[in-house]
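Asker: Sharing a sequence plus its predicted fold:
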Amino acid sequence: MSKPKYFLYARKSSEDEERQVMSNEAQLFELKELARKENLEILAEFQESKSAKTPGRDVFNEMMTRLEAGEAQGILAWHPDRLARNSIDGGRVIHAVDTKRVVSLRFPTFWFEPTLQGLFMLQVAFGQSKYYSDNLSENIRRGVRQKLRRGEWLNLAPLGYVNNPRLRNIEPDEVKARAIRKGFEEYSTGNHTYVSLAQFLADLGVTTRKGKPLAKVSIKKLLTNRAYLGFIKYGDEWFDGNFEPLVTPQLFEDVQKVLQSKERPRKRKIKHDFPFTGIFRCAECDSMISAQWTTNRHGTKYRYYRCSKKRGRCSQSYLQEKDLVQQLKARLQTISLPDRYTTWMLEQVEEWKQEEQAEYGSELQNLSAKIKTNEERMDKLVSAYLDGDIPKGNYLKQKDKLMRSLAVLEQQKKDFASGRNQWVEPLREWILDIQQAAFLSSADNFSEIARFVKKVGTNPMVRDKTARFVAPIPSRFVAKQRRIFSLPALQAVASSALSAREVSFCGPSRARTVGG
């Protein structure tokens, strides 16, 4: 009988690329040394980097097909576990030995002869390999489940966090965490694109490893990453994490709304700087006010604003930018107050805040009840999924909805517990607005004036070369009473039994009222 010809096979796991970077080369060297010492004829070499836990290795299948076709009669490998760690591939090798298609298996670390005892030992070796692989996978899954129960991050920290080996978890990066939080706040205003936000973050030190601004796909991934809410993703599910969130649930939801509104953005080419476009409408035909440059007979260039006449004919004339700015400054002057008044008002708001803190107990109890109800729903949902009553897709969708709802409720509870009453910040912001109005009424920053008018004004219109906008209700009150305002008068208002309960807000325009 002629000497068998061998196929040489080497394999390393692709999942362990770094630690096994020389694995195939080392196997090939040892196997060639064995072939040289024992005078074995190597017909072909096969090597691949793929796990043998599951069937479907292309190189292995090619080798077995050629063996079964009779091209060679033996396999030379480092160990049986290089050939198979699953029952299908292991069974294919054993069947080839049974049918005499393979008459010799040679391993430097394992003895084999084509006898009953040899086949039995080969089956044991394949069984041990499969057991090792299955046991390793189960140990890893068990460790992951334990880390998820403890709320520990599973892998490399996301941008804005750093891994803490001592805690086996992640914690906010002192510099980048603040930058990312600020990035969320900026994007929630709706004034940013992915590119402009990437540049904004780059200016704050959040860049790629090469020091360049993040790519658009990275910005979108960052803005939708629920890890910043304190969640951990494993597979298709999100779990509660035991680390500090970078953003509040409300801010995260605001950003998601902006992202949804920009899914199909209008393409607009900005060729000129016209700060007051996109704000005012024509009072005659309701078209938007547009802008353009023009040159007078003396060669001086200036900007003016006019009706775009998108809705048909209109008799309104143009308005020069300098006249528009002068009108807006005069309007801002009427709704502003000196610093000494706003300082007193801010102190009064702080007193009201303290009063409100003493009365939030019932609200806190109501929030706790809602949280408990949602937690019970979550438990029932998980039980139904484990019992096979609902499909995985529905389970993941409902779980995601409940987790986000719970996050919002928990944040509301946290706000109440810390005394962050819902009316305090809007009222404080309005006071700061009228303080800013005083500053802008004498400033020359047209962009800031435009942003302020867009922020506080409603129904901005232009008619007969005159710009108008409706100020919030408290600002109209300020404008009406401005000439008779005095600090003693304000103190008299405060002493007339005005409490936190008498402060309310009016509608989406952020207008606010004081008193009944």
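Answerer: Sure, I can see it. Residues are numbered from 1 along each chain as shown.
Asker: tally of neighbours for residue 439?
Answerer: The burial count assigned to residue 439 is 14, neighbours taken as other C-beta atoms under 10 Å. For glycine as for every other residue, the C-beta is placed from the backbone atoms N, C-alpha and C.
Asker: Can you name the secondary structure element that comes next after the helix or strand harbouring it?
Answerer: Assessed by DSSP states H and E, residue 439 sits inside helix 424-440. Reading on from helix 424-440 to the C-terminus, the next helix or strand found by DSSP H and E is helix 446-456.
Asker: Now do that next one: everything it contacts.
Answerer: For helix 446-456, the external contacting residues (C-beta atoms under 8 Å, 6 or more residues apart in numbering) are 275-276, 278-279, 321, 325, 328-329, 332, 433, 436-437, 440, 443, 460, 469, 471-472, 475, 510.
Asker: ok, back up a step: pull the helix holding residue 439 out as CSV, backbone CA atoms only.
Answerer: Presented in CSV, the C-alpha positions along helix 424-440 are these (Å, rounded to 0.1, in the frame of the first residue of the first chain):
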residue,chain,number,x,y,z
VAL,A,424,-38.7,78.6,38.9
GLU,A,425,-36.3,78.3,36.0
PRO,A,426,-38.7,79.7,33.4
LEU,A,427,-39.5,82.7,35.6
ARG,A,428,-35.8,83.2,36.4
GLU,A,429,-35.1,83.0,32.6
TRP,A,430,-37.7,85.7,31.9
ILE,A,431,-36.1,88.0,34.4
LEU,A,432,-32.8,87.4,32.8
ASP,A,433,-34.4,88.1,29.4
ILE,A,434,-35.6,91.5,30.4
GLN,A,435,-32.1,92.1,31.8
GLN,A,436,-30.7,91.2,28.4
ALA,A,437,-33.2,93.4,26.6
ALA,A,438,-31.7,96.4,28.4
PHE,A,439,-28.2,95.4,27.2
LEU,A,440,-29.3,94.8,23.6
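Asker: tell me which residues in it are buried?
Answerer: In terms of neighbour count (16 or more other C-beta atoms under 10 Å), helix 424-440 has its buried residues at 424, 427, 430-431, 433-438, 440.
Asker: in stretch 23-36, what counts as buried?
Answerer: Across stretch 23-36, burial judged by 16+ other C-beta under 10 Å covers 23-24, 27-28, 31, 34-35.
Asker: just stretch 185-197 next, same as before
Answerer: Residues 186-188, 192, 194, 197 are the ones in stretch 185-197 that count as buried (16+ other C-beta under 10 Å).
Asker: how many neighbours does residue 172 have?
Answerer: By other C-beta under 10 Å, 19 other residues sit near residue 172.
Asker: before we move on, the earlier item: mind giving me the packing neighbours of the helix holding residue 439?
Answerer: helix 321-334, helix 339-357, helix 446-456, helix 473-481, strand 503-506, strand 511-514 (3 or more C-beta pairs under 8 Å, 6 or more residues apart in numbering; DSSP states H and E).
Asker: what angle do it and helix 321-334 make?
Answerer: Here the directions of helix 424-440 and helix 321-334 differ by 130 degrees (axes from the mean of the first three to the mean of the last three C-alpha atoms, to 10 degrees).
Asker: Can you report the mean pLDDT over the residues of helix 424-440?
Answerer: Mean per-residue pLDDT for helix 424-440: 77.
Asker: before we move on, what about stretch 40-52?
Answerer: On average, the pLDDT along stretch 40-52 is 88.
Asker: now stretch 319-331
Answerer: The average pLDDT within stretch 319-331 is 87.
Asker: Stretch 448-466 too?
Answerer: Summarised as a single mean, pLDDT over stretch 448-466 is 85.
Asker: quick thing: my sequence starts at 197, can you match it?
Answerer: Got it, first residue is 197 now, which makes that one stretch 644-662.
Asker: Quote the end-to-end distance of it.
Answerer: Across stretch 644-662, the terminal residues are separated by 20 Å (C-alpha to C-alpha, to the nearest Å).
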